[in-house]
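Chemist: sequence and predicted model, in that order:
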Amino acid sequence: MLDLFKGYKGRALEVLKHFQARVWGDTTVQTTRGDFQGIILPRSENDDDRHIVIKLVTGYNVGIDVDTVLGMRETGYKEAHYKIPEKEFPFTPGLPKVKLLGTGGTIASRLDYRTGAVIPAFSPGELYGAVPELAEICNLETEKLFAVFSENMGPEQYKKLAVSIGKEIHKGIEGIVIGHGTDTMHHTAAALSFMLQDLPVPVVMVGSQRSSDRPSSDAALNLMHAAFTAGHSDIAEVMVCMFGPTSDEYGLLHRGTRVRKMHSSYRSTFRTIGDVPIARVTRDSVLPIKTDYNKRRRDNKVKVLPFFEERVALVYYYPNMHPDIIDSLAENGYKGIVIAGTGLGHVNKPVYPAIQRAVAKGVQIFMTVQTLWGFVHMFVYDTGRDLMSMGIVPGENLLPEVAYIKLGWALGQTADPDQVRELMLTPIAGDITAGEPYNGYLIFQGGIPEMEEFIRTYHK
């Protein structure tokens, strides 16, 4: 009988036994705070012994303090099986051939009820078992390259991913989809934008903010949007495909060098910064917003440049930052530093000597702005001019994370300062633009009368 209470111990185990409530049982729990209806889950090994965890019908988990429990009544029982079986994808003549490369992340994950954490678990083949609608969009081939959370993606994975995509393109694939965790998706998108140039087909990165076992998951719709874009769109660029608004009206296609994750949990977390998205996408259409994008071609030629110098750092300036931050990087052999400076591109004077020492050691330093929107303008104030005279190079309107990725990519090819500067300041895939449209910056501030009126009138 103990297996019916798997994982529970102490007071929680006593309560379950007392009310004869089983793990995986659909149970009504009466408490001093009201009734809760859901499935009793195995206890996480990291939890205490005074809470019982149930999955509510909404898909969310809640921990119930055993001291508040008045009664428990099991209304059904069916042990859950969270592994989706892999299915061979059907071939449909006339549909485009798309390759899905799996790297991990929430779009390819399930809940691990041993720890309560989301873990990479679904293989790309299982995704078809979860989203059969994909068969109506394209002929999908799948390959699992990695099974890691996005925080564990780095230069090794960037290079392998770029090479793998190049091979698929040379074999004649008509579109690429990359399943990726959202936390660092914009870093990988930037890396691929520099490593894969003159693309003949779309390369679409996709993830989800909410795991596949939750009713509010955006995984399936994001996958359908990405697959349609890869197979049917004429936009041959590296893009991020995620929810547009918070609802499921449409997705947005963001250019890989101008996109950033802007909210920790919203499904519409990604925004194009300093520009507007390339297009909107639905399950059966791509609606361009921009017209100046790289167009799909019928050839299978692509320039693959899988280079990256790992001794590069991104430093976010803050008031009272001490010079030892810069000194430490230089002394530890870092070859490049990107600074996200204040305002138009500034740091405080106590850091100046450390910058001079780093430059003297051959460290190449580029300035970006932590405001995200706008350009570096270091010639306006004495601070900026002083920093340029020390050797810091203004990074135009490169986003800080994009500048970090680009500097690693540039230094992976050459250590010559002039060549690195030329690579950094030459626009590639829209990373540096001639200007920024006013409607790229518009941020609607909630709470103000005109915004509240807009929401009530046009977007309820």
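Modeler: Thanks, I have it.
Chemist: please report the distance of the spatially most central residue of the chain from residue 422.
Modeler: Nearest to the geometric centre of the chain sits residue 182, at 2.1 Å (C-alpha atoms, centre = their mean). As judged by C-beta to C-beta, to the nearest Å, residue 182 and residue 422 stand 33 Å apart. C-betas here are computed from N, CA, C, even on glycine.
Chemist: likewise residue 75?
Modeler: Relative to residue 422, and taking C-beta to C-beta, residue 75 is found at 69 Å.
Chemist: show me which of these two is the more surrounded one.
Modeler: When residue 75 and residue 422 are compared for neighbours, residue 422 comes out ahead with 12 against 9, by other C-beta atoms under 10 Å.
Chemist: assign a three-state SS to that one, would you?
Modeler: helix (DSSP: H, G, I helix; E, B strand; the rest coil).
Chemist: who's in contact with the residue nearest to the centre of the chain?
Modeler: 105, 106, 150, 207, 208, 209, 242, 261, 269, 270 (C-beta atoms under 8 Å, 6 or more residues apart in numbering).
Chemist: which intervals of the protein have sub-threshold pLDDT?
Modeler: Applying pLDDT under 70 to the chain picks out residues 1-9, 43-47, 79-87, 105-106, 108-128, 211-215, 459-460.
Chemist: show me where the chain has helices.
Modeler: Per DSSP state H, the chain carries helices over the ranges 10-18, 124-130, 155-170, 185-195, 219-232, 324-331, 352-360, 382-390, 400-411, 417-425, 438-441, 449-458.
Chemist: buried residues in the fourth one?
Modeler: Read that as helix 185-195. For helix 185-195, burial by neighbour count (16 or more other C-beta atoms under 10 Å) applies to 185, 186, 187, 188, 189, 190, 191, 192, 193, 194, 195.
Chemist: how about stretch 237-246?
Modeler: The neighbour-count check on stretch 237-246 (16+ other C-beta under 10 Å) flags 237, 238, 239, 240, 241, 242, 243, 244 as buried.
Chemist: now the helices of the chain in TSV, with distance to residue 316?
Modeler: Shown next, in TSV, are the helices of the chain (distance: least, C-beta to C-beta, whole Å):
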stretch	distance to residue 316
helix 10-18	43
helix 124-130	35
helix 155-170	20
helix 185-195	15
helix 219-232	29
helix 324-331	10
helix 352-360	15
helix 382-390	16
helix 400-411	7
helix 417-425	19
helix 438-441	21
helix 449-458	30
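Chemist: list just the nearest of the buried residues of helix 185-195 to residue 348.
Modeler: Taking C-beta to C-beta as the measure, residue 187 is the one of those closest to residue 348, at 27.5 Å.
Chemist: now do the contacts for that closest one.
Modeler: Residue 187 makes contact with 153, 401, 404, 405, according to C-beta under 8 Å, 6+ apart.
Chemist: and the gap between it and residue 261?
Modeler: Distance of residue 187 to residue 261, given as C-beta to C-beta: 10 Å.
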